[in-house]
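# From the sequence below, what's the structure:
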Amino acid sequence: MIRTNKLVSFLEENDLDGILIHNPANIFYYSNFKGTSGSLLMTKTLNYLITDFRYVDQAKASAIDFEIVETDTIETIDIAINKLRKKHKLYKLGLEGDVISRNTWLDYEKKLTSRLVNVNIDHLREIKDQKEINLIKKAIEIAETAFLDTLNKIKIGMTEKTVARILEFKMLELGAEAIAFNTIVASGSRGALPHGVASDKLIAKNELITIDFGCVYKGYCSDITRTFAIGKIDEKLLEIYDIVLQANKLGIKTLAANQKACYVDQVVRDFISDNGYGDNFGHGLGHSFGIEVHENPRLNQISNKTLQSGHLLTVEPGIYVSGLGGVRIEDDVLILDDGIEVLTSLNKELIILEEENV
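Numbers count the residues shown, from 1 in each chain. Model prediction:
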């Protein structure tokens with residue numbers, strides 16, 4: 001009900017009679033519907049889920065507070081919306097212009113009798129409620145348990161892809177419904193690739209390995225990164241690891257309600273620069289996540305967002321040196337009124353797997 005009330009307030013503030021929602025994340029947020037074909041038409045008093053024959057039963061079971069409207073090749077979505085427009089006097093209708101294609105927008109403009117207004121409602125999902133936090137905590141627990149299990153199974157000579165598959169299978173075995181994103185396994189010099197998705201490269205001794213991983217549990221994501229070692233590591237990489245670890249801790253310490261997101265990023269960026277690696281940290285410090293693995297607010301140099309209690313953010317500084325390798329350490333942190341709660345619990349000190357054991 002709180003979610004719906006926020007949306008109604010948004011409609012009132014923007015002088016809208018209703019909104020047509022196409023973003024799958026927003027559809028799930030308001031209705032709990034996860035079918036691959038469906039739209040929501042939400043008004044100030046009544047809500048509809050519009051879908052086709054394939055998903056009607058699923059819609060009835062999941063979207064219990066919505067009236068289900070079935071469409072087909074004859075009773076198309078625009079016809080259904082126009083009928084509801086007449087019934088509820090929906091003269092001015094919000095439409096997520098950054099979600100649908102230009103051709104879809106033009107088609108709606110031609111066929112719908114409501115005046116269309118381009119809107120974005122993603123910001124209404126920024127503050128996480130307790131139910132969401134609990135689901136995210138479970139997604140984190142599954143991912144962390146799977147990671148620790150995977151550490152015991154890594155062998156020299158395995159491909160990065162094999163490591164990723166072991167980790168992903170364990171997350172699914174522990175109750176995840178899906179993988180949150182393509183698992184990153186970047187070993188050796190490939191560690192210099194911030195998004196080095198697992199490849200056919202073989203795991204070798206005397207290398208760092210960065211794994212960026214997460215899963216989806218009941219619709220909500222986790223997102224964690226750890227870097228660890230096999231055997232003896234180059235002194236420069238050990239130095240880099242320590243800098244990134246201190247940067248991670250500094251970022252977490254700087255997070256607070258009423259703090260500017262760009263300030264948190266700048267504090268960490270300055271620390272890394274002061275240690276000689278400013279040019280090797282080329283991405284933002286972090287981002288929010290929930291139903292989607294990348295949500296707002298972002299911790300970067302241009303985000304003027306003021307952090308609030310209920311914001312849930314990653315803190316993931318990294319240093320990447322071409323030809324040598326890289327390090328990233330990522331934690332998930334919840335902003336509270338009177339502080340923070342670090343939701344990730346994995347050890348951050350450098351884990352070194354002994355050669356004879358792998």
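
# what's the burial count for the closest residue to G318 other than its chain neighbours?
Once flanking residues are discounted, G318 sits nearest to R328: 3.5 Å by Cβ to Cβ, 6 or more residues apart in numbering. All C-beta atoms are positioned from the backbone trio N, CA, C, and that covers glycine. Here the number of neighbours of R328 (other Cβ atoms under 10 Å) works out to 23.

# Before we move on, what's the pLDDT of R328?
With respect to pLDDT, R328 scores 98.

# Over to the one 4 residues further on?
In this prediction, D332 carries a pLDDT score of 98.

# part of a helix, is D331?
No: going by DSSP: H, G, I helix; E, B strand; the rest coil, the assignment for D331 is strand, not a helix.

# Now for it: which residues touch it?
Neighbour list for D331: 224, 248, 252, 314-316, 342-344, 348 [criterion: Cβ atoms under 8 Å, 6 or more residues apart in numbering].

# Could I get the contacting residues of the closest residue to it other than its chain neighbours?
Closest residue to D331 apart from its sequence neighbours, by Cβ to Cβ, 6+ apart: T344 at 4.4 Å. By Cβ under 8 Å, 6+ apart, the residues touching T344 are 140, 144, 224, 330-332.

# Let's see if you can find the most crowded of those.
D332 (27 neighbours).

# Beta-bridge partners for that residue, please?
T314 (DSSP bridges).

# With S288 as the reference, measure out to it.
To S288, D332 is 10 Å away according to Cβ to Cβ, to the nearest Å.

# which neighbours do those two share?
312-314.

# now these as CSV including pLDDT, neighbour count and distance to K170?
Shown next, in CSV, are these (pLDDT from 0 to 100; neighbours: other Cβ atoms under 10 Å; distance: Cβ to Cβ, whole Å):
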residue, pLDDT, neighbour count, distance to K170
L312, 98, 23, 24
L313, 98, 26, 26
T314, 98, 25, 21
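
# need the helices for the stretch 1-150 of the chain, in chain order.
2-13, 24-31, 56-62, 77-88, 102-111, 130-151 (DSSP state H, counting those that start in this stretch).

# Out of those, the one nearest L202 is which?
Comparing the helices of the stretch 1-150 of the chain by their distance to L202 (Cβ to Cβ), the top pick is helix 130-151, with 16.6 Å.

# what packs against that closest one?
helix 160-173, strand 207-213, strand 215-217, strand 220-221, strand 224-230, strand 331-336 (3 or more Cβ pairs under 8 Å, 6 or more residues apart in numbering; DSSP states H and E).

# that older thread, now for the residue nearest to G318: which residues touch it?
Contacts of R328 by Cβ under 8 Å, 6+ apart are 194, 210, 212, 225, 227, 244, 316-318.

# Go again with 7 Å.
210, 212, 225, 227, 244, 316, 318 (Cβ atoms under 7 Å, 6 or more residues apart in numbering).

# What is the neighbour count of E160?
24.

# wait, I meant L343
19.

# Test my guess that N32 contacts K60.
No: counting by Cβ atoms under 7 Å, N32 stays clear of K60, with 11.6 Å between them.

# Mind listing the shared neighbours of the two?
Joint contacts of N32 and K60 (Cβ under 7 Å, 6+ apart) do not exist.

# Output the below-cut-off pLDDT ranges for the stretch 251-358 of the chain.
356-358 (pLDDT under 70).

# For it, which segments count as helices?
Using DSSP H, counting those that start in this stretch, helices in the stretch 251-358 of the chain cover 261-274.

# for M158, what are its contacts?
Counting by Cβ under 7 Å, 6+ apart, M158 touches 202-203.

# Going by distance to I272, which of the contacts of D331 wins?
N248 (10.6 Å).

# Skipping adjacent residues, who's closest to the closest one in space?
With Cβ to Cβ, 6+ apart, the residue lying closest to N248 is I329, at 4.5 Å.

# my read: that neighbour touches F228, true?
No: I329 is not in contact with F228 according to Cβ under 7 Å; the separation is 10.4 Å.

# Comparing these two, which residue is more hemmed in?
Remark: of I329 and F228, I329 carries more neighbours, 25 against 21, as counted by other Cβ under 10 Å.

# quick one, what contacts that one?
Contacts of I329 by Cβ under 7 Å, 6+ apart are 225-227, 244-245, 248, 317, 348.

# can you check A180 too?
Neighbours of A180 in contact, by Cβ under 7 Å, 6+ apart: 214-216, 221-223, 293.

# Switch those over to JSON lines; also include distance to D234 and neighbour count.
JSON lines is the format used below for the contacts of A180 (distance: Cβ to Cβ, whole Å; neighbours: other Cβ atoms under 10 Å):
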{"residue": "G214", "distance to D234": "29", "neighbour count": "25"}
{"residue": "C215", "distance to D234": "32", "neighbour count": "30"}
{"residue": "V216", "distance to D234": "36", "neighbour count": "22"}
{"residue": "C221", "distance to D234": "33", "neighbour count": "26"}
{"residue": "S222", "distance to D234": "31", "neighbour count": "28"}
{"residue": "D223", "distance to D234": "28", "neighbour count": "26"}
{"residue": "V293", "distance to D234": "31", "neighbour count": "17"}
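
# List just the nearest of these to N5.
For those, the nearest to N5 is C221 (25.1 Å; Cβ to Cβ).

# Dig out what that closest one forms beta bridges with.
Here C221, judged by DSSP bridges, has bridge partners V216.

# Kindly report the same for E207.
Going by DSSP bridges, E207 forms beta bridges with I230.
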